[in-house]
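1. Sequence and predicted structure are below.
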Amino acid sequence: MARIKQESVEHVKAAADMLDVVGGRTQLRKAGARYVGRCPFHEERTPSFSVNPVDKLFYCFGCGKGGDLISFVRETESLDFAGAIEWLGERFRVPLEYEETSPAADAARKRRERLFAVLEQSTAFYERYLWETAEGEPVRAYLVDRGLGEDICREFRLGLSPVSPALARKAAEKGFTPAELAAAGLANRRGNDYFGGRLMFPLADARGRVVGYSARKIREDDPLQAKYVNSPEGDLFHKSAVLYGLHLARQAIAKEERAIVVEGNTDAMALRQAGLEAVVASMGTALTERHLAELKRLTRRVYLCFDADAAGQAATLRGMDLAAAQGFEVKVVPLEPGLDPADAANSFGDLLGRAESYVFYRVRIELDRAADRQEAFVRVREVLAGFEDSPERQDALRLVADRLDLPPETQAGLAPTGATATTGTVSSKVLDAGGRLERDVLAGCVAHPGLVPSLAEVTAEYFDDERHRAIYSHLVAGAELRPELVPLLAELDAVAAREAITETTAQELLYRLRERYLRRQLAEDPMRADLIEALERVREAVGSIV
């Protein structure tokens, strides 16, 4: 893919309005030179989200998430860097230029743009055909019968494909070629519409761009026998990468810190209509690595709700095993046999409250599958061996003891191997005194650039934290700031504002940093006269300030 020119990136950054972008996700109010509001990345009652509209930085003191305008768009829109720049470019009408590439690369980029364009126009065509024609009347009635209102159908951009090859003719009138229609999955080899007389569910990427369709059979004489037919795999559409409704659910998933994954498109629509917005559908397949990669940008907690039949159970197991292996907290939402999430949409909140943990579900399935008591014990022992002690494991163990009527001595054999007392770990957010000093020094210099020459009088060795050293090099020597350090820079900016680090305070902190370094040097060589003199001068300087 062609690389966006750096000049274009800078033009986008300059033109984009930080308050406009962030204000679309959370309500902001002015607080001095900054703006504050409730964090769009986690649930909170007291606003702890801080925005610097001038330097275009954000930081949340509640969850610790921070960064710049680009990283905010990447997080909230689930985009990579180039995608975020293109998103901002479109929003603020900044034309982008790309690095010179080979004619083949330019042709590939233009080809993708054409495919997106024809899919967008075909979606609009299908929408109009559903809502504005007599042929759409029975399909509209079908949707009502399924309990799906017009508002939710329009939000998901449902449409109807004509039985006749009307789309191909319309596309040709717009200047699209048969080859482009075929590449977009809209026409077959003969040039006729790929989908004829079907209810169309557009499938979108993370930016909301249509990449393909899932088409439902609605007439008996449909030559395609399958109930649902997806677009053929191609340049844009890959079923293993698409989660239905993700572009609509992203904000809710990030805010609620959970994703509810169901099987069917209409399940996702029904739950969203019932007020559950953090819902996506896997379109009848188990979760894939690409699905999880998209979700991981938003949350590490997933609730799986697949059909209770054998196929649904198998998909649940495959998906939950893969998700758990990638560090997700996984829960399974129980469904009565014969029901799907759409049937229980209005009571789904209660079902979420009864969701089973990963280990509990795995153990229950093994108990149900076992032919006898002995086999069940062997199966669950193998499952439990892979889990450390936790409240969820204890719940599963109680289920085993109850179902198999195990005596206490047998239950002891299911205890975690090598179990030890739980030991606490210090959160990475908790800074020791030294780390706080380093952080506040840098925060003061970020807030007061005039102190950077004073900062340059010390060296990177004065900082213990490797990340602090990198920020020092960025401020003093203009070293390029690595993307993973942008959140730290945003945190320093926010800390300086919240703690009201004045230029005088920052100067004192710099002296304190010098003092710490000299004390360490003296601890190694107590008799060095030059270090003693230097320490005395620093103390005098501190005294003159305070």
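-> In hand now; what should we look at? What you see is a predicted model; the values in this text were computed from it and never measured.
2. Just the buried positions in the longest helix along the chain, please.
-> The longest helix of the chain (DSSP state H) is helix 103-132. For helix 103-132, burial by neighbour count (16 or more other CB atoms under 10 Å) applies to 114-119, 121-123, 125-127, 129-131. Using the backbone N, CA and C atoms, a C-beta is placed for each residue, glycine as well.
3. what's the average pLDDT for that helix?
-> In this model, helix 103-132 has a mean pLDDT of 90.
4. and after that helix, which helix or strand comes next?
-> Scanning forward in sequence from helix 103-132 by DSSP states H and E, the next helix or strand is helix 137-145.
5. Count the residues that sit near residue 500.
-> Residues lying near residue 500 (other CB atoms under 10 Å) number 9.
6. Tell me if I am right that it is in a strand.
-> No. Read with DSSP: H, G, I helix; E, B strand; the rest coil, residue 500 is coil and lies in no strand.
7. Got phi/psi on it?
-> phi 50, psi 50 (degrees, to the nearest 10).
8. Over to residue 181?
-> phi -60, psi -40.
9. For residue 248, list the residues it contacts.
-> Contacts for residue 248 were tallied using CB atoms under 8 Å, 6 or more residues apart in numbering; they are 155, 156, 272, 277.
10. buried residues in the helix or strand containing it?
-> Element membership of residue 248 [criterion: DSSP H and E] is helix 246-256. For helix 246-256, burial by neighbour count (16+ other CB under 10 Å) applies to 246, 247, 248, 249, 250, 251, 252, 253, 254, 255, 256.
11. got it, and stretch 77-85?
-> Buried residues in stretch 77-85 (16+ other CB under 10 Å): 77, 78, 79, 83, 84, 85.
12. which among those residues gets closest to residue 394?
-> Top of the list for closeness to residue 394, among the buried residues of stretch 77-85 and by CB to CB, is residue 78 at 35.7 Å.
13. what's the closest non-adjacent residue to that closest one?
-> The shortest distance from residue 78 to any non-neighbouring residue, by CB to CB, 6 or more residues apart in numbering, is to residue 206 (4.1 Å).
14. OK, contacts around that neighbour?
-> 77, 78, 79, 83, 246, 247, 250, 294.
15. and residue 339, how many neighbours?
-> Close neighbours of residue 339, defined as other CB under 10 Å, add up to 12.
16. Surely it is within a strand?
-> No. Secondary structure of residue 339 (three-state DSSP): coil, not part of a strand.
17. What's the separation between the closest residue to residue 174 other than its chain neighbours and residue 173?
-> Spatial nearest neighbour of residue 174, excluding adjacent residues (CB to CB, 6+ apart): residue 121 at 6.3 Å. Distance, residue 121 to residue 173, using CB to CB, to the nearest Å: 11 Å.
18. For the contacts of residue 206, name the two members farthest from one another.
-> Taking CB to CB, no two of the contacts of residue 206 sit farther apart than 83 and 246, at 13.9 Å.
19. Nearest to residue 370 among the contacts of residue 206?
-> residue 294 (36.0 Å).
20. quick one: residue 126 and residue 153 touch, right?
-> No. When contacts are counted by CB atoms under 8 Å, residue 126 is not listed as touching residue 153 (11.8 Å).
21. Any chance you could list what contacts stretch 516-529?
-> Outside stretch 516-529, the residues that reach it (CB under 8 Å, 6+ apart) are 434, 437, 458, 461, 462, 531, 532, 534, 535, 538.
22. Now do the contacts for the fifth one.
-> Same thing as residue 462. So residue 462 contacts 513, 514, 516, 517 (CB under 8 Å, 6+ apart).
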